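> Have a look; sequence and predicted model below, questions after that.
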Amino acid sequence: MDFVSPVLDIASRFCNCIGNRADHLRRLPQNLKSLRTEREKLENVYKDVTERVEREENLEKKKRTNVVGGWIQRVEAMEKEVKELLERCDEENQKKCFGTCCPRNCRASYKLAKMVPEKMDAVAELQSEGSNFQEVAVPLPSPHVIERPLEEKPVVGLDSPFQEVWKWLQDEQVLSIGIYGMGGVGKTTLLKKINNKFLQSSIKAFDIVIWVVVSRPTNLERVQETILDRLDIPDDRWKGRAEERKAEEIRRVLKTKKFVLLLDDIWEPLDLLRVGIPPLGDGNESKIVFTTRSADVCGGMAAQKSIKVECLEEKEALSLFQTKVGEDTLNSHPDIPKLAKMVAKECKGLPLALIVIARAMASAKTPEEWERNLQKLGLYPKDVAGTENDLFSVLAFSYDSLPDEAAKSCFLYCSLFPEDYKIPSEHLIQLWIGEGFLDEYDDLQEARNQGGKIIQMLKHACLLEVGTSSFSPKGEYLKMHDVIRDMALWLACEKGKKKNKFVVKDGVGLISAQEVQKWKDTQRIAVWNNTNIEELREPPRFPNTETVIVRMTRFTFPSSLFINMSVIRVLDFSNNKTLKLLAPEIGNLATLQYLNLSGTMINYLPIELKNLKKLRFLMLDWLPLFGPLPNQMVSSLSSLQLFSMKSISTMFPADEIMLVEELEQLEHINDISIRLTSIQSIQRLFESHKLRRSTTFLQLARCSGVNQVQLVSPSCIKELVLERCDELEEVKMIHFEKQVVPSKFPNPQCCFNHLLSVCINACKKFLNLNWLIHAPKLQYLSITRSEIIEKVIEDERSEGSEIESNLSVFSRLICLAVFNLPKLESIYEHPLPFPSLRRIIVQDCPRLKKLPFDSSICMSKKLENIIGRQEWWDGLEWNDQTLMHNLTPYFRPL
């Protein structure tokens, strides 16, 4: 009987084995069904992940993470394996014994049956992994070189210096290269050409090429931050840190790279170690190339090689000049090409001078005009000592070509602003008027119009550059090329003979009291940006000073400042947080015409200010600590034309009413910007024809009891701000003292022809905005924090023809911003062209699913970006998929 137990044990194991295999075969159909289900789920997850990856790679220029990339490869491999397994199972299923459900090849079927649940688990694991990806792509690292646009193509006359510098860049022994020459000769153009050469795919000698504009005065922090941004160093490692910490971060990264550092427009030797640049020559073969106007800087920077960029040869200069003058002018008379050659020769091959003067001559179509201008150009000495004078004597030709002294004075005035400063055009014109440059125009608006013409004149003469901002209806700004600015200062100081006639200090730190004493003959003083003046022991003397601009400084204003200013016309102390008190002696400035105290910490004005009988401009904007104005002070300013008091601290209703009544007493008032908070002061303002005609900026804030604003049409208001007026429900228009029936679409004759900007913030009951269709010049519209607004402009079919007839609706709109409007569903029901729109910003408007654009929005070439949250953009609905694809490149996620 001893042999029975082993036999029974073997039999038991055999039965269990047979049972397990039979169980696998029995569950195979259900497992195949489950596998197909899990496979389908994985395919859906795969599609979601790959669509996210493609969207972020194509539209946001990101790169998929290694984890996601590996997962995608494993899914694709798994798909092939599962497909093959299912096909084998189907084949095996077709081979069952005739008349039975038993497989012919039990061993093969068992293997397949065993593989199915294993694959099913693997598929489920991949599916779970893909569903939990928080991040599928990361930003691409910055390219090793960023292309710099060249204004002149092809570049004329720089082949020789370019070849020389490029040869040095390939020489392992040459680590630092200086490029020098006079202003406007083409140094920056040459540096850009060198930068762009590294774009060629065959050139991979360096890890990164870094471009930094240094400019004047040298700002070490700005240089460091430009490099830190270029190196993609996270902000939290350097933002707000000390100079030494920033230098450490730069050094830490650059020590691991072979780099080329291109420094443009250096005016004094730059301490590279303080910046964070590791010493050159430690075996990494990195290079530094810089441009400067001074050969001495090349020595101070220890340049191993330096090259002077010379002016163009006569043939090259003539080619550039003819290109800028244009064939139409050159062909207008047979003598003009010869005269053009003579004018080009007078420019001495300086590219900037050739360009500026050629553009000034482009409209001269007769030989007589060319001969007159050539004679003017020849009046300047040909061999003035010093490169700056050589440059200025040529560039001054454009200045001398200006038609009158007013235009020339306006141009020279622009040199008071710092380099690269964006000068608001409207503010500049106000300063010009305050200085008396436009005194021939008694009417303020006429003077402004003439100021606008002068700006256009200077722009066309290439003496000013004009830019625009998308965020403000007064967003046009002006800039001066630094060479043109230097030339203007040289001219303002009588070609350098009176050095201190114009004094401009920008970010220079501490100015000594001794230097201030030298300003007694100065005509205009401008002190900017973190500049301070040493404490003055004696009262400063400014007997000849007409202009004092002190902005954004740490200057402590002494009480004796106003004692010796007998001819002062302009005082601009705006944005000085250290200015808290204004000395009573300011009342002695009998000639003062312009006073700007905006953005200071002043809390009251001395009563002596009422003595300023010639004051024409008074700006008191953004004064957080300001209290009521002295009684009868404003009404005593008998020459006042512009009064501005925006966003000051809240005044009492009685003080507001007093201010409104005093403004009405002013005979010459023409421009009022004011913030009102009480219904009594609002009513008083609207009841006065003079005040309605003069108010250009109106801010109604926290106006309790005001449920309706009635504006007389045509209105002169340019900017309207409605803020925290909890009971305000609508704006109505009154035409020539007769109330218009307040329909959703008021009388088209009642147009807000001057209205440029509307901002509505936190007005809880304000719902009807249809009156905006009668603001044909509206440029900026901002609506924020409303719980009830559903549509910006409501499309009522019964009145829709009025909108359809008003084809100019939103045609001038530059920026549209909507924030925190939870019920907003529509800006306008039907598509609009928006030919002027540059920017639209949408935040926290979850129901806004459609944008009111038609297909022409992309054809205007004005659109810059659409800003919003990614989930909002992804959820937008489009009637035209082509429009979606065309607009997608403009989207910028918040």
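Yep, it's here.
> Please, where are all the strands along the stretch 501-650 of the chain?
502-506, 510-511, 524-528, 532-533, 547-551, 570-572, 594-596, 617-619, 642-645 (DSSP state E, counting those that start in this stretch).
> what are the pairing partners of the first one, and which direction each?
What it means is strand 502-506. strand 524-528 (parallel) (DSSP bridges).
> next one: the strand it pairs with to chain centre, how far?
Centroid displacement of strand 524-528 relative to its chain, using Cα atoms, centre = their mean, to the nearest Å, is 26 Å.
> ok, now stretch 607-627?
32 Å.
> So for it, what gets flagged as buried?
608-612, 615-623, 626 (16 or more other Cβ atoms under 10 Å). C-beta coordinates here come from the backbone N, C-alpha and C atoms, glycine included.
> what is the mean pLDDT for it?
Across stretch 607-627, the average pLDDT comes to 92.
> Any idea how far apart the tips of that stretch sit?
Start-to-end span of stretch 607-627 (Cα to Cα, to the nearest Å) is 13 Å.
> Could you list the low-confidence segments of the stretch 551-700 of the chain?
650 (pLDDT under 70).
> returning to that earlier point: same list (the strands of the stretch 501-650 of the chain) but as JSON lines, adding distance to Ala775.
Output for the strands of the stretch 501-650 of the chain, formatted as JSON lines (distance: least, Cβ to Cβ, whole Å):
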{"stretch": "strand 502-506", "distance to Ala775": "39"}
{"stretch": "strand 510-511", "distance to Ala775": "48"}
{"stretch": "strand 524-528", "distance to Ala775": "37"}
{"stretch": "strand 532-533", "distance to Ala775": "46"}
{"stretch": "strand 547-551", "distance to Ala775": "33"}
{"stretch": "strand 570-572", "distance to Ala775": "32"}
{"stretch": "strand 594-596", "distance to Ala775": "29"}
{"stretch": "strand 617-619", "distance to Ala775": "26"}
{"stretch": "strand 642-645", "distance to Ala775": "22"}
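> wait, which of the ones you listed is closest to Ala762?
Checking those against Ala762 by Cβ to Cβ gives strand 642-645 as the closest, at 21.4 Å.
> Output the contacting helices and strands for the closest one.
strand 617-619, strand 671-676 (3 or more Cβ pairs under 8 Å, 6 or more residues apart in numbering; DSSP states H and E).
> residues in contact with the helix or strand following it?
Sequence order places helix 653-664 as the next helix or strand after strand 642-645, per DSSP states H and E. With Cβ atoms under 8 Å, 6 or more residues apart in numbering as the test, helix 653-664 has contacts from 628-629, 631-635, 643, 645, 651, 669, 672, 674, 676-678, 680-681, 684-685, 688, 690-691, 694.
> do stretch 692-704 as well
Contacting residues not belonging to stretch 692-704 are listed as 644, 646-647, 650, 663, 669-679, 682, 685-686, 706, 709, 712, 715-728, 754 [Cβ under 8 Å, 6+ apart].
> buried sites along that stretch?
692, 694-701, 703.
> what separates that stretch from the chain centre, distance-wise?
The answer for stretch 692-704 is 29 Å, by Cα atoms, centre = their mean.
> For that stretch, measure first residue to last.
OK, stretch 692-704 end separation, Cα to Cα: 22 Å.
> Tell me how far stretch 681-699 lies from the chain's centre.
The answer for stretch 681-699 is 34 Å, by Cα atoms, centre = their mean.
> Stretch 768-775 now?
The answer for stretch 768-775 is 29 Å, by Cα atoms, centre = their mean.
> now do stretch 254-272
Distance of stretch 254-272 from its chain centroid, counting by Cα atoms, centre = their mean, is 26 Å.
> and if you look at stretch 259-274?
Stretch 259-274 has its C-alpha centroid displaced from the chain centroid by 26 Å (Cα atoms, centre = their mean).
> got the buried residues for that stretch?
Residues of stretch 259-274 classed as buried by neighbour count (16+ other Cβ under 10 Å): 259-267, 269-270, 272.
> next one: stretch 840-854
Buried residues in stretch 840-854 (16+ other Cβ under 10 Å): 840-842, 844-845, 848, 851-853.
> Reformat those as CSV; add secondary structure and pLDDT.
Below are those laid out as CSV (DSSP: H, G, I helix; E, B strand; the rest coil; pLDDT from 0 to 100):
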residue, secondary structure, pLDDT
Ile840, strand, 93
Ile841, strand, 94
Val842, strand, 95
Asp844, coil, 94
Cys845, coil, 93
Leu848, coil, 93
Leu851, coil, 89
Pro852, coil, 86
Phe853, strand, 86
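> from those residues, which two are the most distant?
Farthest apart among those by Cβ to Cβ are Asp844 and Phe853. That separation is 20.8 Å.
> which pair in the buried residues of stretch 607-627 spans the largest distance?
Asn611 and Trp622 (25.6 Å).
> The helix or strand hosting Leu431 packs against which elements?
Secondary structure assignment for Leu431, by DSSP H and E: helix 425-435. Applying 3+ Cβ pairs under 8 Å, 6+ apart, we find helix 425-435 packed against helix 405-413, helix 444-460, strand 477-479, strand 570-572, strand 594-596, strand 617-619.
> Is Arg55 in a helix, a strand, or coil?
Using DSSP: H, G, I helix; E, B strand; the rest coil, the structure places Arg55 in helix.
> For it, give me the pLDDT.
Confidence for Arg55, expressed as pLDDT, is 82.
> Quick one: the helices and strands packed on helix 425-435 as TSV, columns for distance to Ile760 too.
Formatted as TSV, those follow (distance: least, Cβ to Cβ, whole Å):
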stretch	distance to Ile760
helix 405-413	37
helix 444-460	27
strand 477-479	26
strand 570-572	32
strand 594-596	28
strand 617-619	25
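> of all these, which lies closest to Trp238?
Here strand 477-479 is closest among these (Cβ to Cβ), at 28.7 Å.
> which other helices and strands contact the helix or strand that comes right after that closest one?
Following strand 477-479 in sequence order, the next helix or strand is helix 482-492 (DSSP H and E). If you count contacts as 3+ Cβ pairs under 8 Å, 6+ apart, helix 482-492 packs onto helix 387-400, helix 405-413, strand 502-506.
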